[in-house]
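A.B. asks: coords below, sequence missing:
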């Protein structure tokens, strides 16, 4: 049976949290994979962990700046009988126990880009049904600058776009299905998009003009029969109200 805390909340069997080793200047390597029976995170910030724990994107997390600066190595054993679907709850309990973290949820209306269907209809390529689940947030960059999202829902695709643009992107197409999506974006434009985004969405930035570094992605989206339009939409947030910067001992 899965290990339960008082109140019936799932917990890891054992967990180790240690400060990450210093990284080479200019390079930050993050790993969040490993054995299916373990959580094995290397050089992660608490914001990285909160994304998994609450199943949100980086722009949906607020709190002190250090939750995105301090880095940790986290290894935890998933109890026998527990499911992968219980891991987010285990992470939430781990953060509360070891960092004395207290969070609150709130919803704010803010500026976003709405992904909508263009006048001529969507021109998307449905992925072949090979029996595997849809990818979540996986976008690959080819050597010639193309961005590729394989076996992606449009909801997952907008999550990827949110990491590249200056504000969140919300799926407003109403389209279901799993697609193979390719965006023709140059390496120079991709670098410009990352600089514009600054690693997190800017909630009240003005719409990107055609001369902006990220402008080409708007054209690339239109080639899919879709459009990115400035909109306002309610966004759910996780706000860290309190947390200890140094975790309790293992």
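C.D. replies: All right, it came through fine. Quick caveat, the model's predicted, so the values are computed rather than measured. Numbering: from 1, shown residues only.
A.B. asks: would you point out the helix or strand in this protein whose mean pLDDT is lowest?
C.D. replies: Least confident element among the helices and strands of the chain, by mean pLDDT, DSSP states H and E: helix 187-197 (a mean of 54).
A.B. asks: distance-wise, check the residue positioned nearest the centre of the chain relative to residue 240.
C.D. replies: Centrality entry for the chain: nearest residue to the mean C-alpha point is residue 57, 3.9 Å, by C-alpha atoms, centre = their mean. As judged by C-beta to C-beta, to the nearest Å, residue 57 and residue 240 stand 15 Å apart. All C-beta spots, glycine's among them, are computed from the backbone N, C-alpha and C.
A.B. asks: same question for residue 39.
C.D. replies: 20 Å.
A.B. asks: please apply the same query to residue 111.
C.D. replies: Taken as C-beta to C-beta, the span from residue 111 to residue 240 is 23 Å.
A.B. asks: quick one, strands of the chain?
C.D. replies: For the chain, applying DSSP state E gives strands covering 14-19, 31-33, 38-44, 61-62, 72-77, 102-117, 125-126, 140-141, 146-152, 169-171, 179-184, 226-242.
A.B. asks: quick one, which of those is nearest to residue 162?
C.D. replies: strand 169-171 (4.8 Å; C-beta to C-beta).
A.B. asks: identify the residues contacting that closest one?
C.D. replies: Contact partners of strand 169-171, identified using C-beta atoms under 8 Å, 6 or more residues apart in numbering, comprise 112-115, 154-155, 157-159, 161-162, 228, 231, 233.
A.B. asks: restricted to buried residues, select those residues in PyMOL.
C.D. replies: Selection of the buried residues among those in PyMOL, burial being defined by 16 or more other C-beta atoms under 10 Å:
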select buried, resi 112+113+114+115+154+157+158+159+161+162+228+231
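A.B. asks: nearest residue to residue 86 in space, please, no chain neighbours.
C.D. replies: Of all residues not flanking residue 86 in the chain, residue 10 sits nearest, at 4.5 Å (C-beta to C-beta, 6 or more residues apart in numbering).
A.B. asks: pretty sure the one you found contacts residue 82?
C.D. replies: Yes. Using C-beta atoms under 8 Å, residue 10 is in contact with residue 82, at 6.1 Å.
A.B. asks: returning to what we had before: looking at the strands of the chain, which is buried most?
C.D. replies: Each of these was scored by mean neighbour count; the highest is strand 169-171, a mean of 21, by mean count of other C-beta atoms under 10 Å.
A.B. asks: state the mean pLDDT of that strand.
C.D. replies: The average pLDDT for strand 169-171 rounds to 93.
A.B. asks: that strand pairs with which strands, and in what direction?
C.D. replies: Looking at strand 169-171 with DSSP bridges, its partner strands are strand 102-117 (parallel).
A.B. asks: angle of the strand it pairs with against strand 226-242?
C.D. replies: With axes from the mean of the first three to the mean of the last three C-alpha atoms, to 10 degrees as the basis, strand 102-117 and strand 226-242 are set at 180 degrees to each other.
A.B. asks: which residues touch the closest residue to residue 20 other than its chain neighbours?
C.D. replies: Once flanking residues are discounted, residue 20 sits nearest to residue 71: 3.8 Å by C-beta to C-beta, 6+ apart. Listed by C-beta under 8 Å, 6+ apart, the contact set of residue 71 reads 19, 20, 23, 43, 44, 45.
A.B. asks: kindly report the same for residue 100.
C.D. replies: By C-beta under 8 Å, 6+ apart, the residues touching residue 100 are 242, 243, 244, 248.
A.B. asks: now do 10 Å
C.D. replies: By C-beta atoms under 10 Å, 6 or more residues apart in numbering, the contact set of residue 100 is 242, 243, 244, 247, 248.
A.B. asks: which single one of these is nearest to residue 146?
C.D. replies: Checking the contacts of residue 100 one by one against residue 146 (C-beta to C-beta), the nearest turns out to be residue 243, at 39.9 Å.
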